[in-house]
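> Got a predicted model here, sequence first, then my questions.
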Amino acid sequence: MKQSFKNDYSEGCHPKILEALMKTNLEAQEGYGEDIYTKEAKRLIQEKMGNGNSDIYLVSGGTQANLIVISSALRPYESVISADSGHINIHEAGSIEAVGHKINTIKSDDGKIYVKGIQKVLDEHDEAPHVVKPKMVYISNSTELGTIYQKDELEKLSKFCKANDLYLFMDGARLGSALSSKNNDLTLKDLSELLDIFYIGGTKNGALLGEAIVINNSDLKKDFAYNIKQKGALMSKGRILGVQFMTLFKENIFFDLAHHANLMAQKIAHAIQKSGFSFLSNPQTNQIFPILPNTLIKKLEKKYDFHIWKKIDKENSAIRLVTSWATKENIVDEFICNMQALQF
């Protein structure tokens, strides 16, 4: 069996989560997120943010979270702005379009969105009521290219969105990795102040499944639970999500796991740099995109699973290597040794 650097959700969950699920398994708890564990998980997240006013809802996955947030916030004629590489634009089977909302895309080389690009979209949609009305800006942290937002970048986006009556929504499927990056200067508290709504990803950071939607803007809080139910996301056994998020945030496990994933990726990135290869984007989180000769990629494919991300030219391609909370350092060391040996 080949070793995998394909994604960060192939393994099950952290042993402490399994232990907590087993320990609480036979308890009779209230359904639909009214159990004591879900309530405690929400309290812990609010505590980490230093904000007890945010509403928190637990759902099973990232696409589900994106669909519910966007469809609940927008009127039928309103659209959402995204980087062209955004997950909602390329990897969610048209789920946003399926509920009647256009995605206005901005070309992005680093996966991020900047004020200049948003302004261009607004300028192109000034023929009301003949065109859609951009109402939300969707960003990811970390992005599809593993890059992260700095605090000053998010502050500029937040200020611009507020001035232009736009909701600012952050996809946090890999938020743990972003906030644990050595280049990061953002906190959960910052996010609760600068974003209208975001979510904290558990699926890709040690949980069996689950994302925690955090609503900061009071205008988006009303009747949000109805949208959860209508989209089939209100789990009768909500305790399954509650126990997991309670465990992740009770002892800082959430950040410890993300830190490990980043550390493993950075070790690989450092070795690749020493070998003289470049990257599609600056390695910052647990997703790295080295540009390697196609001959080397073919050799590596015999022993490892990974995505070939983008063809660069006839001789070279960018691949995506993803490490996880469960990636063992000896596997990383083995990959580095094999890569160096196969170069020649």
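Yep, it's here.

> Can I take it that V214 is in a helix?
No: counting by DSSP: H, G, I helix; E, B strand; the rest coil, V214 is not found in a helix; it is strand.

> Identify the bridge partners of it.
As for beta bridges, V214 partners with I56, F198 under DSSP bridges.

> these two touch, right, it and M49?
Yes: contact status for V214 versus M49: in contact at 7.4 Å, counting by Cβ atoms under 8 Å. Every C-beta, even on glycine, is put in place using the N, C-alpha and C of the backbone.

> Need the overlap of contacts for the two.
Common contacts of V214 and M49 (Cβ atoms under 8 Å, 6 or more residues apart in numbering): L191, S192.

> Pretty sure L58 sits in a helix.
No: going by three-state DSSP, the assignment for L58 is strand, not a helix.

> How about it: what's its closest non-neighbour residue?
Excluding the flanking residues, the one nearest L58 by Cβ to Cβ, 6 or more residues apart in numbering is L241, at 4.0 Å.

> how about that neighbour, phi and psi?
phi -80, psi -40 (degrees, to the nearest 10).

> Tell me where the stretch 151-300 of the chain has helices.
Using DSSP state H, counting those that start in this stretch, the helices found in the stretch 151-300 of the chain span residues 151-163, 175-179, 188-194, 224-230, 239-250, 253-274, 294-301.

> ranking those by burial, who's on top?
For the helices of the stretch 151-300 of the chain, the largest average neighbour count (mean count of other Cβ atoms under 10 Å) is found in helix 175-179, namely a mean of 29.

> Please name every helix or strand in contact with that one.
strand 197-201, helix 253-274 (3 or more Cβ pairs under 8 Å, 6 or more residues apart in numbering; DSSP states H and E).

> quick one, what contacts I240?
L21, L208, L209, G210.

> is it possible to export the residues you listed to a markdown table including distance to P283 and neighbour count?
Formatted as a markdown table, the contacts of I240 follow (distance: Cβ to Cβ, whole Å; neighbours: other Cβ atoms under 10 Å):
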| residue | distance to P283 | neighbour count |
| --- | --- | --- |
| L21 | 34 | 17 |
| L208 | 28 | 19 |
| L209 | 27 | 18 |
| G210 | 27 | 29 |
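
> What is the nearest of those residues to A128?
Set against A128, the nearest of those by Cβ to Cβ is G210 (39.4 Å).

> hmm, back to that, have a look at V214 and M49 and say which one is more surrounded.
V214 (25 against 21; other Cβ atoms under 10 Å).

> roughly how far apart are that one and G100?
From V214 across to G100, the span is 25 Å (Cβ to Cβ, to the nearest Å).

> How about K302?
From K302 to G100 the distance is 46 Å (Cβ to Cβ).

> what about these two, which has more around it?
G100 (13 against 9).

> Poorly predicted segments of this protein, please.
Within the chain, no range satisfies pLDDT under 70.

> Which segments of this protein make up each domain?
3-9+254-342, 15-251 (automatic domain parsing).

> Report the distance from the first one to the chain centre.
Put plainly, it is domain 3-9+254-342. 19 Å (Cα atoms, centre = their mean, to the nearest Å).

> Any idea how far apart the tips of that domain sit?
16 Å (Cα to Cα, to the nearest Å).

> Then the longest one?
According to Cα to Cα, domain 15-251 extends 14 Å from its N-terminal end residue to its C-terminal end residue.

> Check stretch 203-214 too.
16 Å.

> Ok, stretch 207-220 next?
End residues of stretch 207-220 are separated by 27 Å (Cα to Cα).

> about what we covered before: for the helices of the stretch 151-300 of the chain, which one sits closest to E144?
When the helices of the stretch 151-300 of the chain are compared (using Cβ to Cβ), the closest one is helix 175-179, at 12.2 Å.

> quick check, distance from that closest one to the centre of its chain.
Using Cα atoms, centre = their mean, the offset of helix 175-179 from its chain centre is 8 Å.

> who touches it?
8, 141-142, 148-149, 172, 184, 186-188, 198-201, 204-205, 254-255, 257-258, 261-262, 285-287.

> Report the buried members of those residues.
8, 141-142, 148-149, 172, 184, 186, 188, 198-201, 204-205, 254-255, 257-258, 261-262, 285-287 (16 or more other Cβ atoms under 10 Å).

> which phi and psi does Y138 have?
Torsion angles, degrees, to the nearest 10, at Y138: phi -100, psi 120.

> Kindly report the same for the one 4 residues further on.
Here the main-chain torsion angles of S142 (degrees, to the nearest 10) amount to phi -70, psi 160.
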